[in-house]
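[1] How does the following fold in three dimensions:
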Amino acid sequence: MAKRLRLSLPVLAWLALVVLAGPPGLSARAAPSVSLLITGGTVVTVDAARHVFSPGAVAVKGREIVAVGPAKAIARTFSARQTINASGQVVLPGLVNTHGHAPMVLYRGLADDLALMDWLQNYIFPAEARTVTPDFVRTGTRLAALEMIQSGTTTHADMYYFEEEVAKATREAGMRGVLGETIINFPSPDAKTPAEALSRTESFIKTFRGDALIVPAVAPHAMYTLDEQWLRASRALADRYSVPVLLHVSETQDEVKTSLEKHKARPAEYLESIGFWSPRTVAAHGVWLSDDEIAILARRRVAVSHNPESNMKLASGTAPIVKCLSAGVVVGLGTDGAASNNDLDMFEAMRQAAFLHKLQTMDPQAIPATVALEMATIQGAKALGLDGLIGSLEPGKRADIITVSVRGARQTPMYNPVSHLVYVSKGSDVRNTIVDGRVLMRDRSVTTLDEARVLADARAMAERVRKAIGK
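    Predicted structure coming up:
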């Protein structure tokens, strides 16, 4: 296990003063105080050197990590106003969900065992037309945030309607979000036309630009649900404000077929031909990307959000993730919406991603545990353009941290903490969730949401959905 203590620059400066002052200065000068100390667990940093400290500790001051290292060294260096004893737990970066539709938790189990277009056109789109309101979105997002906090997700990417409600609920829950207002050809719950959706998007960007937790984005639904002018307009709007773009790409064979018939090109090739791609783009799914399309995404530095559970459940196919990684494409993990998954557990997404590609390639090393964990942390952060702030436990980064219990029979014995996180752990094993230095869940008790109220509101809304669709 690595033993090197990693400190932020302010702390290093303090230590330098102590050394220069000599022994009298050491006794006269108190150790620097931090707001939070997480100590005693196995710290999996996911930093560039992949340091693991056991037992280790993480010191947090305000929103930032100031030190990571062996528990004894951290204890000698800092005094803390608040301490979390992580003995019997693994401490790691908060998980990053790179694709989802948070309010759709209210459609969980509404329509199962269907192909994507059947599911969308005959069940989801009609249900949305009858039930999606600001109140629906607010209630659904709070439920999704509760589930994500309880299962260790600290950052989520989202595209839906009334996205300002998603942003408000995300921020109130204390989570981080990269959030986009959906732009689509046909009338949606919050916009009758793509032009109106673009106008709403611009207002959304202006409202949340510079927010500490919310990154506004542009979210054109897909190339098959938008005409060229609106795809170009979406790109132009994102460029004007230097914000991310989120969209679905090559999710099904039908999408590829439609693109070839209409544009004489595959989806990623068509988007390349109209100048759509840029490094601030996250392409969700990418199930049917060809080798040439993967090369396009690599050249344009477009990230892919891999959603293995949704793709399997809808029988959409298996994304060529091993080829994407080999080509240098940044790949993050996503759950997709809970209407097609049917949960938001990123531990399950890691496990299924690792298993799926071992089976597909007949290579047990296709997606090893280390890579699966990276896709859920540092690579997910990189996909969203946030790797300078989150995704690993390093001094100077924001304190987005979770702890995962490994005390139970299912987790005993533990030889390799990374293996345990990917192949054994579940969202329900998460004990503490911290975002921006704020404890959102302590020892399984969520502090930022009234769990009983969130669940009661969700159940009441589900009854309204049931009546509206006659189910």
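
[2] Okay, and S310 sits in which element?
    Element membership of S310, judged by DSSP states H and E, is helix 308-313.

[3] For that helix, which residues meet the burial criterion?
    The neighbour-count check on helix 308-313 (16 or more other C-beta atoms under 10 Å) flags 308-311, 313 as buried. C-beta: built from backbone N, CA, C; applies to glycine.

[4] farthest-separated two in those residues?
    Across these, no pair lies farther apart than P308 and K313, at 9.5 Å, counting by C-beta to C-beta.

[5] hang on, the earlier thing: between the buried residues of helix 308-313, which is nearest K257?
    N311 (17.3 Å).

[6] Quick check: nearest residue in space to the closest one, chain neighbours excluded?
    V287 (5.6 Å; C-beta to C-beta, 6 or more residues apart in numbering).

[7] Next: E202.
    L237 (6.2 Å).

[8] next structured bit after the strand or helix carrying the one you found?
    Per DSSP H and E: L237 is located in helix 228-241. Counting by DSSP H and E, the next helix or strand C-terminal to helix 228-241 is strand 245-249.

[9] Extract the CA atoms of that following strand and return them as CSV.
    Once non-C-alpha atoms are left out, strand 245-249 reads as follows in CSV (Å, rounded to 0.1, in the frame of the first residue of the first chain):
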residue,chain,number,x,y,z
VAL,A,245,-23.9,19.2,-25.4
LEU,A,246,-25.7,16.0,-24.4
LEU,A,247,-27.5,13.8,-27.0
HIS,A,248,-28.4,10.2,-27.8
VAL,A,249,-26.3,8.6,-30.6
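
[10] What are the buried residues along the helix or strand just after it?
    Downstream of strand 245-249, the first helix or strand assigned by DSSP H and E is helix 253-263. Going by neighbour count (16+ other C-beta under 10 Å), the buried part of helix 253-263 is 255-256, 259, 263.

[11] Show the model's pLDDT score for S392.
    With respect to pLDDT, S392 scores 98.

[12] ok, now V446?
    If you check V446, the pLDDT there is 98.

[13] so how far is M104 from it?
    According to C-beta to C-beta, to the nearest Å, V446 and M104 sit 21 Å apart.

[14] Looking at those two, which one has more neighbours?
    Set V446 next to M104 and count neighbours by other C-beta atoms under 10 Å: M104 wins out with 26 against 19.

[15] Just confirm the more buried one is within a helix.
    Yes - M104 sits within a helix when classified using DSSP: H, G, I helix; E, B strand; the rest coil.

[16] ok, S242 - how many residues close by?
    If we define neighbours as other C-beta under 10 Å, then S242 has 11 of them.

[17] Could you do P279 as well?
    11.

[18] Now do the same contact list for it.
    By C-beta atoms under 8 Å, 6 or more residues apart in numbering, the residues touching P279 are 300-302.

[19] Neighbour-wise, which one of those leads?
    Most neighbours among the contacts of P279, by other C-beta under 10 Å: V302, with 27 neighbours.

[20] I'd say it and F276 touch.
    No - in this structure V302 lies outside contact range of F276 using C-beta atoms under 8 Å: 9.5 Å.

[21] For stretch 141-150, which outside residues touch it?
    The contact list for stretch 141-150 (C-beta under 8 Å, 6+ apart) reads 97, 100, 102-103, 105-106, 154, 156, 165-166, 169-170, 172-175, 338, 343-345, 427-428, 430, 433, 440-441, 444, 446, 448-449, 451, 454-455, 457-458.

[22] what's around the nearest residue to L289 once chain neighbours are set aside, how many residues?
    Excluding its sequence neighbours, the residue lying closest to L289 (C-beta to C-beta, 6+ apart) is S250, at 5.2 Å. Residues within reach of S250, counting by other C-beta under 10 Å, total 28.

[23] again, but for D363
    The number of residues near D363, taken as other C-beta under 10 Å, comes to 11.

[24] likewise G332?
    Using other C-beta under 10 Å, G332 has 28 other residues around it.

[25] what pairs with the one helix or strand it maps to, and is each one parallel or antiparallel?
    Counting by DSSP H and E, the element that carries G332 is strand 331-333. According to DSSP bridges, strand 331-333 has the following sheet partners: strand 303-306 (parallel).

[26] For the partner strand, give me every contacting residue.
    Strand 303-306 is contacted by residues 98-99, 157, 281-286, 289, 297, 319, 321, 324, 329-334, 353, 375, 382-384 when judged by C-beta under 8 Å, 6+ apart.
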